[in-house]
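Novice: Please work out how this folds:
(2 chains)
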2 protein chains.
Amino acid sequence: MTRELLIEQIRIKKSFLCIGLDSEYEKLPPHLFQNADPVFEFNKQIIESTHDLAVAYKPNLAFYESRGVAGWQSLEKTVRYLRRNYPEIFTIADAKRGDIGNTSLQYAKAFLDDESGLGFDAVTVAPYMGSDSVQPFMSYPEKWAIVLALTSNKGAVDFQLQPMESGLSLWQTALTECASWGTPENMMFVVGATQDSMFKKVRELVPNHFLLVPGVGAQGGSLEQVVMHGRNHEIGLIINASRSIIFASGGVDFASQARREASQMQQAMQALI
Amino acid sequence: MTRELLIEQIRIKKSFLCIGLDSEYEKLPPHLFQNADPVFEFNKQIIESTHDLAVAYKPNLAFYESRGVAGWQSLEKTVRYLRRNYPEIFTIADAKRGDIGNTSLQYAKAFLDDESGLGFDAVTVAPYMGSDSVQPFMSYPEKWAIVLALTSNKGAVDFQLQPMESGLSLWQTALTECASWGTPENMMFVVGATQDSMFKKVRELVPNHFLLVPGVGAQGGSLEQVVMHGRNHEIGLIINASRSIIFASGGVDFASQARREASQMQQAMQALI
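Specialist: Next comes the predicted model:
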């Protein structure tokens, strides 16, 4: 998907919400286990119930890989369902990949290739291994690398927040260096909502890039703070919520309760736009 | 697998060779495509032909994920074949994973769990997200996190070799910090063979940990240099070669040619022990 189409969708839906499909098997509503593929059924009903409120969906690969072949089947069905029924939705493989060039190219093929792969619009990428580990994810037209800059977990302090000799933190160094390998048309950055005091610094370094922001919801980040400090003139934010939406209820009303949560977030976003 | 058993296997086989199963579909010998699962057939014949020369096998996940469900089936069959027939072999999922705690726990389950997962002995892990992204991989007894420290690719210079305010490079900081989260019984580090001048510095920081060393073979690293500077009193090295062994021949003699290459490496290792 192009940047222009994504921006248009944000304008149409008055939303920059991404719904994280961290569809943990053990947490699914019990009544879904009568289906042959409960994870796909869960995702499908979540999508049906929320697609007008969200501009993106983000399956978290770990929750699919932990179920092996069956998990990959659920993942494939989910992304195909999205592509077929809602081609205007931006799809993100939250995979945190990154390896030497020829290996990253295989991961890019796995997640981004429309023919032989899953055909996602974007993959999240870890920057530790440097340029040749990131660049293959930008080798497909209209596809995106979403590079980790400053994450929402407590471990962010261990390396990302540590100062380099230059005076910048590692995350600032990573952000600046990675930004030089791509453009705002094929690269985004992950910046956690729990780091809201940092968004001003992020925008000094990358005024034009989209930021994918996890950590609102279950992890406690503030939507208002993120938007205040992190938005640019095109919004430039995709804010993710996973558990707080998809597991708003663990019962037969899970889809309607997910819609209620997503709707609250969409309305809060509309008020902030 | 325990550290003691791994050390014993190195002593018995006079080898610290790991064979990387980067089993790229497009590069398989043409005659294998008559099999229902050419990738598994390839891996099985490579393993049959080399298992007495290697102490470890390391499937590279990208080459399986790029084939989706079919790829995961090949991967599952391969690791089950290894566990059933050669339980003395150390198995490494080269996956470069790492995410927030609850997500890393799902990846650990996917790769390390003997019941619900693939039952590998170890997973490679990217350290960028810090402690809670790494620790879940050490939550299974006798299983290992193999953390990226200094990799063999050219992108290593972008971040890993950059100096921190402390005067240490990022890779030295990562090595030291990560080592404090585990022990030489459940953690190893990736140090690329193309960085052979750095092994002395690595050993100053982690004298007792095993190092997983890619980059000998197709990437051009020197076995002699790595062993000279990187070994400790228990060897403490697992040296990986992938393409130079498994694709030594692209014809019907691929398995015997792989054995010839592996045997040359084993003999060179034996001479260096």
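
Novice: can you pull out the strands in chain A?
Specialist: A:17-21, A:56-59, A:90-97, A:122-125, A:144-150, A:187-191, A:211-213, A:237-241 (DSSP state E).

Novice: who touches the first one?
Specialist: Contacting residues not belonging to strand A:17-21 are listed as A:43, A:46, A:50, A:53-60, A:63, A:78, A:90, A:92, A:94, A:212, A:214, A:238-243, A:245-246, A:258, A:262, A:265-266, A:269 [CB atoms under 8 Å, 6 or more residues apart in numbering or on different chains]. For every residue, glycine as well, the C-beta is placed using N, CA and C.

Novice: so what's the residue in the stretch 1-150 of chain A positioned nearest to chain B closest to, chain neighbours aside?
Specialist: In the stretch 1-150 of chain A, the residue that lies nearest chain B is A:Gly130 (2.3 Å; CB to the nearest CB). Once flanking residues are discounted, A:Gly130 sits nearest to B:Gly155: 2.3 Å by CB to CB, 6 or more residues apart in numbering or on different chains.

Novice: need the helix or strand of chain A with the lowest average pLDDT.
Specialist: Each helix and strand of chain A was given a mean pLDDT (mean pLDDT, DSSP states H and E); the minimum falls on helix A:223-230 at a mean of 93.

Novice: buried set for it?
Specialist: Neighbour-count burial for helix A:223-230 flags A:223, A:225-227, A:229-230 (criterion: 16 or more other CB atoms under 10 Å in any protein chain shown).

Novice: residue contacts, the closest residue to A:Thr103 other than its chain neighbours?
Specialist: Using CB to CB, 6+ apart and skipping the chain neighbours, the partner closest in space to A:Thr103 is B:Ala62 (4.6 Å). Counting by CB under 8 Å, 6+ apart, B:Ala62 makes contact with A:97, A:99, A:103-104, A:106-107, A:110.

Novice: same thing but 10 Å
Specialist: By CB atoms under 10 Å, 6 or more residues apart in numbering or on different chains, the residues touching B:Ala62 are A:97, A:99-100, A:102-110, B:22, B:24, B:71, B:94-96.

Novice: chain center to stretch A:117-129: distance?
Specialist: In this view, stretch A:117-129 has its centroid 10 Å away from the chain centroid, taken as CA atoms, centre = their mean, to the nearest Å.

Novice: average model confidence for that stretch?
Specialist: Stretch A:117-129 shows a mean pLDDT of 98.

Novice: in it, what's buried?
Specialist: Buried residues in stretch A:117-129 (16+ other CB under 10 Å): A:117-129.

Novice: Any idea how many residues pack against the residue in the stretch 151-273 of chain A that chain B sits nearest to?
Specialist: Here the stretch 151-273 of chain A gets closest to chain B at one residue, A:Gly155, 2.3 Å apart by CB to the nearest CB. A total of 22 residues lie near A:Gly155 under the criterion other CB atoms under 10 Å in any protein chain shown.

Novice: okay but it is in contact with B:Gly98, surely?
Specialist: Yes: contact status for A:Gly155 versus B:Gly98: in contact at 9.2 Å, counting by CB atoms under 10 Å.

Novice: any common contacting residues for these two?
Specialist: In contact with both A:Gly155 and B:Gly98: B:104, B:127-130, B:132-134, using CB under 10 Å, 6+ apart.

Novice: wait, which of those residues is closest to chain A?
Specialist: Nearest to chain A among the shared contacts of A:Gly155 and B:Gly98: B:Gly130, at 2.3 Å, using CB to the nearest CB.

Novice: contacting residues around the closest one?
Specialist: Neighbour list for B:Gly130: A:151, A:153-162, B:98, B:100-101, B:174, B:177-178, B:181 [criterion: CB under 10 Å, 6+ apart].

Novice: Among those residues, which are located in helices?
Specialist: Among the contacts of B:Gly130, DSSP state H puts B:101, B:174, B:177-178 in helices.

Novice: Highest neighbour count among those?
Specialist: In terms of neighbour count, B:Ala174 stands highest of the ones in helices among the contacts of B:Gly130 at 28 neighbours, by other CB under 10 Å.

Novice: Skipping its backbone neighbours, what lies nearest that residue in space?
Specialist: Computed as CB to CB, 6+ apart, the closest residue to B:Ala174 that is not its neighbour in sequence is B:Pro127, at 4.8 Å.

Novice: The one you found contacts A:Ala156, doesn't it?
Specialist: No: the pair B:Pro127 / A:Ala156 is not scored as a contact, 11.9 Å apart, by CB under 10 Å.

Novice: Overlap in contacts, those two.
Specialist: B:Ser133.

Novice: in chain A, what spans have low per-residue confidence?
Specialist: Within chain A, the stretches with pLDDT under 70 are A:218.

Novice: for it, what spans make up the helices?
Specialist: For chain A, the helices defined by DSSP H occupy A:3-13, A:38-50, A:62-65, A:68-85, A:101-112, A:131-134, A:170-179, A:199-205, A:223-230, A:243-246, A:254-272.

Novice: A:Ser15 against A:Phe90, yeah?
Specialist: No: between A:Ser15 and A:Phe90 there is no contact under CB under 10 Å: 11.6 Å.

Novice: quick one, which of these two is more surrounded?
Specialist: For the pair A:Ser15 and A:Phe90, the greater number of neighbours falls to A:Ser15 (26 against 23), based on other CB under 10 Å.

Novice: List the buried residues of stretch A:166-173.
Specialist: Applying 16+ other CB under 10 Å to stretch A:166-173 flags A:168-173 as buried.

Novice: brain fart, stretch A:259-273
Specialist: Buried-residue list, stretch A:259-273, by 16+ other CB under 10 Å: A:259, A:261-263, A:265-266, A:268-269, A:272.

Novice: Just send the residues you listed back as TSV, with distance to chain B too.
Specialist: Shown next, in TSV, are the buried residues of stretch A:259-273 (distance: CB to the nearest CB, whole Å):
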residue	distance to chain B
A:Arg259	24
A:Glu261	19
A:Ala262	21
A:Ser263	26
A:Met265	20
A:Gln266	25
A:Ala268	23
A:Met269	23
A:Leu272	25
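
Novice: so which of those comes closest to B:Asp37?
Specialist: Taking CB to CB as the measure, B:Asp37 lies nearest A:Ala262 of those, at 41.4 Å.

Novice: residues contacting that closest one?
Specialist: A:15, A:17, A:19, A:46, A:49-54, A:241, A:244-246, A:248.

Novice: swap the cut-off to 7 Å and go again
Specialist: Contacts for A:Ala262 (CB atoms under 7 Å, 6 or more residues apart in numbering or on different chains) come out as A:17, A:19, A:50, A:53-54, A:245.
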